[in-house]
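Enquirer: Whatever this is, show me its structure:
(2 chains)
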Amino acid sequence: MMKKKGLIILMSTALVLLLSAPGWAAFTTDCIPGLEIGGYIRNQTDIRAASPQDIMRFDNSIDIHADYKPSPHFQFYLELRPFIDSAYDMSNGLNNSDRGVMGINNSDYSWRPKGNHVYGSYGTDTGVGGHVSDHDVLSTNMNTSYWLYNSFLREAWGLYQDQKWQVKIGKQIVTWGETDGLKLLDFINATDYSHFIIDSMEDTKIPEFMTNITYYFNKDYNLQFLWIPWYTENFQAPAGSAWAFDGVNLIYFYDHFDALNIVNHGAPYSVASNACTITYHEPTNQNEFAGRFKGTIGTNTDYTLNFFYTHQKNNVFIDTYYNKNNPYYASDLDVFQFQTNPAIERIYGGSFNHVFDNFLCILPNLVMRGEAAFYYKDQFFGTYKNFDYASGIGPSIYGLSPGGDLFITERNRLRTCIGWDKNAFFLGHAWLLSLQTFWEHIFNYPDHSDITDPGAYPGDPNKGKHYGEYISNVGLTKQYPDEVIWTFFVNTDFMNQRIKPEDLIVWNTSEHDGWNRFKVTFDISDHWSLALGNNYFFGQASAGEINPFVGKGYWFPGGPQGPNNNDAIDIGNIKRGTQLGEFSRNTSFFMDLKYLF
Amino acid sequence: MVRKKCLLVLGLVVSLAVGAFLASDSFAWKAEKPVMGPGGKVASWQEVQIPDDRVPMGVADVKGAVGVFGYPDEKMGLDITPEEAAVDTSKPLTSLSVKVAPGDELPTSGPWNARCYVQFQTSFLGMAIKPQKDYVGDFQFDLIDKEGRIRTRKVYQFRKGFYGEGGMRYKNMVYFYEPSDLRGMSILVWKPVDEQQADDNWIYLPALRRVRRIAASQKMDAFGGTDMTNDQIDRATGMWDAKIVGEKTLHVDQAPLNKCFGSEAHRALIEGKNCVVVEMTPRNKDWPVSKEVCYYDKKGGTWYYEETYDKGGKLVKILLPFMAHMYPKQPIYWTYGDWYAHDLRTDHKSMMYLPEIDKAGHKVLDYKKRDWSQYVFWYDVGYSDDYVSQKFMMTGTR
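Expert: Just a heads-up that it's a prediction; the model follows:
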């Protein structure tokens, strides 16, 4: 498999070198009029600020695209983008127990256990924690099939257009909305979160096969319809990798470890691995539909109305069930069986932008843009109670959640954004200033009033304790009923656009965490560009909430405890931080070198 | 399943592309070539067939569009008199569609004042001088640093005059096709008749796949990284006070023209030209200039030369624009040529020009010889308004 990918990379490099030769341009224009070929060779390197020897990314990619327009009515586009992230290869042989890179099954792209487990002293899989072996080295352990369809073959589509119609069929990217950075309506394409949110939108959008039809009533009004026949989920950084959510690590842990302490009590590992399993599903009906109406009011206001029937793209929702007839364990006890099933999501929304000639007579030429999205019955994790090591978990027969503290709930959600853009001239340079305010509201948020623990069993020391319940985000930390996030972006240029510094700040005032990215781009020549910068995450790295499954509490009187082994506790006891704060460990410096042709 | 998806998508696209290639037909495009007679005047016209790849984007949509070749010798265009160009600076300038602020009205009698020259220049740049309807052509910008390193940008430009229709003066689309990191980027500007109103601006970035309304560019900001400001490319006439401060005959062997950046041939064009000197001072006191001094041909209104002075009164930039009549057919339209700008503080220079080598690789201009005979002008093609709309921004490229 490595040989295959290596061969593809080698051939692509040769092709790039050929295409960038001066004679090629003449060949394509003379022999095939309307054909343009271009692309780039790129290296992205990220180094952890706290430990500079820790290379988080050493990604080499080649992009080749061909754009063919045989006539004004037709266009065909093909883009290939193979890549290799050698950071995972470089970890081999390094004695770095903090790396924690896991391997992923090569049969598909999901984060499932490796075929061969290396068992620790307590019978648990110790493939975590720096032991990298027999894995797929291409960026965050993407397997070959996924790499081929979603990266190597990036886009491929054909387009027909005339005065009224535009029909575009194939693997493509569609962008909606008016916001930068955070997305409200811009969910047509799934997102590659293998490097969280630090990469550009162009790089993180996963092109999808779709039929894209737009009807132009006139130059001011048009109606767009999309049909996406195949479900694509967001690509999450796999468990153990640098950008994995703590929640992803947690769920992987369930599937991997002797969470029930079964092996520790003498049963074989096969019992443990079947007692706690995760099954991954795609939706039965994968069709997704979207529609957008775009219009203009006067000459200085544009607006859209949007609707999207889709599936939630973070395929991490657990639908628990119990195998009451589990042959591997006592018949009167449930064991934990999880299955993920992407829920249907309906998004209703709209956007606008407007230019003020002179806002409040003090700010001329101010652009205001806004976006709103209503998510109908989104699925969330719910959490019953706060946990400590002593809290009890157990099967449902005792009235407890079979997933521990987690349950699935549906809530309506509203997300809005207002943004302002202004050009300003000072210190002899033009500056772009852009401010955005995001507000998210969850309707009918679970009642925060205290719940009194009735006690799981006679003598339960938790009886009478008070807890609150809340909704969790993907990272399994508390999501607030109202969250406000601010973003501020500023950029300028020096030396006739040779040097372009910019800074982006994202600040969640509800969770008191955020992200700052400072970047300077140097246009060395028309072909070479170099960007250097820093990603700084701040906030609560550890929320103090711990994995209930790790707790040593007894499940029921006389019954087994939670995992009583250091392997499981060390890995499973994931201290979940806030969504951005948990990545404060990943504050890093980056370099992005590109050669374009 | 994944392999099937890959093959399906690839197969669909490739087969459609092959089909389109096989089905595509070429059209016999024509252009008219002037046959010169005595005295450098056009004696007759010769219809010449030109290949598909000489026809720019937008024109290819209009079957029957006919281009016009330029003069074989630039001097023929430069010798066009103001009378032939229908310009008379001794009489009121009445043919422009612009709504000015109170106090900025153009005189209704007598010769041109300063504001007339500035408005006329703006209208030329906006192709808003009747009877001209539209224009399409490609431009090249060379950014030259003090070490002589050159960065190049190439764009298509679409301009349509609306003469007040829908409240618009003109609409302008600039579409980048070089270098590769800018390829596909486009900027759309709608300029209203009312000069007190801000322009409407949009930008399309292929990386974002989205058309985005943007705040009007700071007029004093550099245009595309060049040493020309946005204002020099598209003058905000309502933002300046203007007055005629005198007259001057230009001599290229005298300062500052004797050392200014520009080709010898270009500087020779303005040798001996009798100019009115218009001094413009910004109404916005935050602008980083104290004045711009423009030199216009007194009789013909041609814009020859401009100086920029900083807040301290020091000369910091010079601009040699090209404003002439290389279009030999009637009605005689104003045309672009080679512009030179020089920032004296950083010694950075910029050159904006119709490229000598077009997109298809044909040599169409020779600035050394000043030969325009292979260059095809596309005026009044009648292309769709779509080319100056958001629709084209999305569909003009990937």
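Enquirer: use CA for all of it now, contacts and neighbours both
Expert: Will do.
Enquirer: so how far is B:Val211 from whichever residue of the stretch 201-350 of chain B sits closest to chain A?
Expert: Closest residue of the stretch 201-350 of chain B to chain A, CA to the nearest CA: B:Gly225 (4.4 Å). The gap separating B:Gly225 from B:Val211 is 21 Å, by CA to CA, to the nearest Å.
Enquirer: Between those two, which has more neighbouring residues?
Expert: Neighbour count, other CA atoms under 10 Å in any protein chain shown: between B:Gly225 and B:Val211, B:Val211 has more, with 23 against 20.
Enquirer: partners of the closest residue to that one other than its chain neighbours in the sheet?
Expert: With sequence-adjacent residues excluded and distances taken as CA to CA, 6 or more residues apart in numbering or on different chains, B:Val211 is closest to B:Tyr204, at 4.5 Å. Assessed by DSSP bridges, B:Tyr204 has beta-bridge partners B:Ser186, B:Val211.
Enquirer: Count the residues that sit near B:Tyr204.
Expert: B:Tyr204 has 23 nearby residues by other CA under 10 Å.
Enquirer: Tell me which helix or strand comes right after the worst-scoring helix or strand of chain A on mean pLDDT.
Expert: Using mean pLDDT, DSSP states H and E, helix A:22-31 stands out as the lowest-scoring helix or strand of chain A, at a mean of 46. Counting by DSSP states H and E, the element after helix A:22-31 in chain order, helix or strand, is strand A:35-48.
Enquirer: How about residues contacting that following strand?
Expert: When contacts are defined by CA atoms under 8 Å, 6 or more residues apart in numbering or on different chains, strand A:35-48 is touched by residues A:16, A:19-20, A:25, A:28-29, A:53-70, A:586-597, B:180.
Enquirer: Can you tell me the strand partners of the helix or strand just after it and which way each runs?
Expert: Downstream of strand A:35-48, the next assigned helix or strand under DSSP H and E is strand A:55-71. As defined by DSSP bridges, the strand partners of strand A:55-71 come to strand A:35-48 (antiparallel), strand A:74-80 (antiparallel), strand A:83-85 (antiparallel).
Enquirer: Let's see the second one as PDB, backbone CA atoms only.
Expert: Backbone C-alpha positions of strand A:74-80 (Å, rounded to 0.1, in the frame of the first residue of the first chain) are rendered in PDB as follows:
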ATOM      1  CA  PHE A  74     -19.100  24.000 -21.600                       C
ATOM      2  CA  GLN A  75     -16.400  23.700 -19.000                       C
ATOM      3  CA  PHE A  76     -14.700  20.600 -17.600                       C
ATOM      4  CA  TYR A  77     -12.500  20.600 -14.600                       C
ATOM      5  CA  LEU A  78     -10.200  18.000 -13.000                       C
ATOM      6  CA  GLU A  79      -8.100  18.400  -9.900                       C
ATOM      7  CA  LEU A  80      -5.700  15.900  -8.400                       C
END
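Enquirer: Excluding covalently adjacent residues, which one is nearest to B:Ile80?
Expert: Spatial nearest neighbour of B:Ile80, excluding adjacent residues (CA to CA, 6+ apart): B:His325 at 7.0 Å.
Enquirer: What count of nearby residues applies to the one you found?
Expert: Using other CA under 10 Å, B:His325 has 25 other residues around it.
Enquirer: From B:Ser373, how far out is it?
Expert: On the measure of CA to CA, B:His325 and B:Ser373 end up 13 Å apart.
Enquirer: same thing with B:Arg267?
Expert: 21 Å.
Enquirer: same question, B:Asp200
Expert: Using CA to CA, one gets 37 Å for the distance from B:Asp200 to B:Ser373.
Enquirer: Equivalent analysis for B:Pro107, please.
Expert: B:Pro107 is 39 Å from B:Ser373, where distance means CA to CA.
Enquirer: mind listing the helices for chain A?
Expert: A:2-19, A:22-31, A:87-90, A:144-147, A:201-204, A:246-256, A:269-275, A:566-572 (DSSP state H).
Enquirer: If you drop the residues flanking it in sequence, what lies closest to the residue of chain A found nearest chain B?
Expert: Residue nearest to chain B within chain A: A:Asn496 (4.4 Å; CA to the nearest CA). Spatially, and ignoring its direct neighbours in sequence, A:Asn496 is nearest to B:Gly225 (4.4 Å; CA to CA, 6+ apart).
Enquirer: Now do residue 8, the pLDDT please.
Expert: By default, I'm working from chain A. At A:Ile8, the pLDDT value in this model is 53.
Enquirer: hmm, I had chain B in mind actually
Expert: On pLDDT, B:Leu8 comes in at 70.
Enquirer: So for stretch A:410-430, what gets flagged as buried?
Expert: Under the neighbour-count criterion of 16 or more other CA atoms under 10 Å in any protein chain shown, stretch A:410-430 has A:410-425, A:429-430 buried.
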